[in-house]
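**Q** Just to be clear, the model below is a prediction. Sequence and coordinates:
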Amino acid sequence: MFRALVVDKDPDGNTKATVQQVSEDRLPDGNVTVAVEYSTLNYKDGLCLGLGGGLVRNWPHVPGIDFAGTVAASDDPRIAVGDRVVLNGWRVGEARWGGYSEKARVDGGMLVHLPDAIDTRAAMAIGTAGYTAMLAVLALEDHGLQPGQGPVLVTGAAGGVGSVATAILSKLGYEVAAVTGRPEQEGYLRDLGASQIVPRAELAETVKRPLESETWAGCIDAVGGPMLARVLGQMKYDGSVAAVGLAGGSSLPATVIPFLLRGVNLLGIDSVMRPLPQRERAWARLANDLPLDKLEAMIVPAKLEDLPRLGAEILKGQVRGRVVVDLRA
């Protein structure tokens, strides 16, 4: 038996998350069993801790879209008992039981070996948010972004993706302009490496002109909606926006003018089903390009019992940085 945070739904459609003792035979099918040491909290987890947000198909359910730990059993020749591994996405924690559990069972092809420089706690301080941030940086680089071309905008900068993106870009030598609606976070963002703080209100207005002054050499956008539409009209010629989220809405009230007259690129960043070689590339770069000493300032420590409360808070935009859930506590 082992502990897990189980969300169940009653006949009236109400959900409740409780820490329970679970037997190993309830784990899903898979050829690798991991002793989970740490997990984390993402926006999707907040949804799955509540009514499911359309992501959860079967109840009872164990959320947690990522986890890190040590392999306890394996029938995969690529994965050995004792290996330190990390999992992000693959619909784990949504369509199948996830990381809010002392044990998890998955297919070995979903697992990435952790670089030596990153332990399991740091891996979840990075988490899917940080892994997604690295994918966004790689996409911008692959489309020509280099330091010295101008400021790189990061929207939702005090959130999980934005915090890690700010730290990575700063270490790589970029001038980072961090967007936040919380003035009290300015010190936190500057400590991560932001050289400019952009109040969210400055970008919150809907598009009035399809093109504005060329301002940003690149952008990592976690907001979407009207803010993304506004940013597209402010990009420099041939600049790229890596879109990673939709905290501000899924619609895009924009025109095609920035794409046609400035050659702007809108790059969609999917972290859930990314092929294994691209995942390994991202984690290798995280080991080199993320200043790991900055992680401590981002960490909000938590236990399984804290997650129902924190899940509600992240949906309201009230969680700063990275929640790290200690499964051994």
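**A** Arrived safely.
**Q** pretty sure residue 68 contacts residue 112?
**A** No. Residue 68 lies out of contact with residue 112 (Cβ atoms under 8 Å); the separation is 9.6 Å. From N, CA and C alone the C-beta is placed, and that goes for glycine too.
**Q** Common neighbours of those two, please.
**A** Both residue 68 and residue 112 are in contact with 85-87, where contact means Cβ atoms under 8 Å, 6 or more residues apart in numbering.
**Q** Just those residues: which are in strands?
**A** 85-87 (DSSP state E).
**Q** Look up how far residue 310 lies from residue 263.
**A** 42 Å (Cβ to Cβ, to the nearest Å).
**Q** Of the two, give the one with the bigger neighbour count.
**A** residue 310 (19 against 13; other Cβ atoms under 10 Å).
**Q** Regarding the more buried one, what is its secondary structure?
**A** Recorded secondary structure, residue 310: helix (DSSP: H, G, I helix; E, B strand; the rest coil).
**Q** Residue 68 and residue 112: which has the busier surroundings?
**A** Neighbour comparison, residue 68 and residue 112: the larger count goes to residue 68, with 31 against 18 (by other Cβ under 10 Å).
**Q** which SS class is that one?
**A** Applying three-state DSSP: residue 68 is strand.
**Q** Correct me if wrong: residue 95 contacts residue 54.
**A** No. If you go by Cβ under 8 Å, residue 95 and residue 54 don't touch, sitting 11.3 Å apart.
**Q** Which of the two has more residues huddled nearby?
**A** residue 95 (14 against 8).
**Q** which of the ones in strands among the shared contacts of residue 68 and residue 112 lies closest to residue 242?
**A** Comparing those against residue 242 with Cβ to Cβ picks out residue 86 as the nearest, at 21.5 Å.
**Q** ok, which stretches of the stretch 101-250 of the chain are helices?
**A** Using DSSP state H, counting those that start in this stretch, the helices assigned to the stretch 101-250 of the chain run over residues 120-142, 160-171, 186-192, 225-232.
**Q** Comparing those helices, which comes out most buried?
**A** Greatest average neighbour count among the helices of the stretch 101-250 of the chain goes to helix 160-171 (a mean of 28), per mean count of other Cβ atoms under 10 Å.
**Q** Just name whatever secondary elements that one is in contact with.
**A** helix 120-142, strand 152-154, strand 176-180, helix 186-192, strand 216-221, helix 276-289, helix 295-298, strand 322-326 (3 or more Cβ pairs under 8 Å, 6 or more residues apart in numbering; DSSP states H and E).
**Q** between the ones you listed, which one is nearest to residue 23?
**A** strand 322-326 (21.4 Å).
**Q** Which positions within that closest one qualify as buried?
**A** By neighbour count with 16 or more other Cβ atoms under 10 Å, strand 322-326 contains the buried residues 322-325.
**Q** and what of stretch 256-272?
**A** Those buried within stretch 256-272 under the rule 16+ other Cβ under 10 Å are 258, 262, 264-267, 269, 271.
**Q** What is the end-to-end distance of it?
**A** Distance between the two ends of stretch 256-272: 28 Å, counting by Cα to Cα, to the nearest Å.
**Q** got a list of contacts for it?
**A** With Cβ under 8 Å, 6+ apart, stretch 256-272 has contacts from 88-91, 128, 131-132, 135-136, 139-140, 143, 210-211, 214, 232-233, 235-244.
**Q** at 6 Å what do you get?
**A** 89, 128, 132, 135-136, 139, 143, 210-211, 232-233, 235, 237-244 (Cβ atoms under 6 Å, 6 or more residues apart in numbering).
**Q** How is this structure divided into domains?
**A** 2-114+294-326, 128-268 (automatic domain parsing).
**Q** Filter the contacts of stretch 256-272 down to the buried ones.
**A** Buried by 16+ other Cβ under 10 Å: 89, 128, 132, 135-136, 139, 210-211, 232-233, 235, 239-244, out of the contacts of stretch 256-272.
**Q** I'd like the distance between residue 80 and residue 229.
**A** Look at residue 80 and residue 229: by Cβ to Cβ, they are 48 Å apart.
**Q** what about the residue nearest to residue 36 when sequence neighbours are not counted, how many neighbours?
**A** Excluding the flanking residues, the one nearest residue 36 by Cβ to Cβ, 6 or more residues apart in numbering is residue 69, at 4.3 Å. When neighbours are counted by other Cβ under 10 Å, residue 69 registers 28.
**Q** Now do residue 69 against residue 44, distance only.
**A** Taking Cβ to Cβ, one finds residue 69 at 20 Å from residue 44.
**Q** what do you get for residue 102?
**A** Counting by Cβ to Cβ, the gap from residue 102 to residue 44 is 21 Å.
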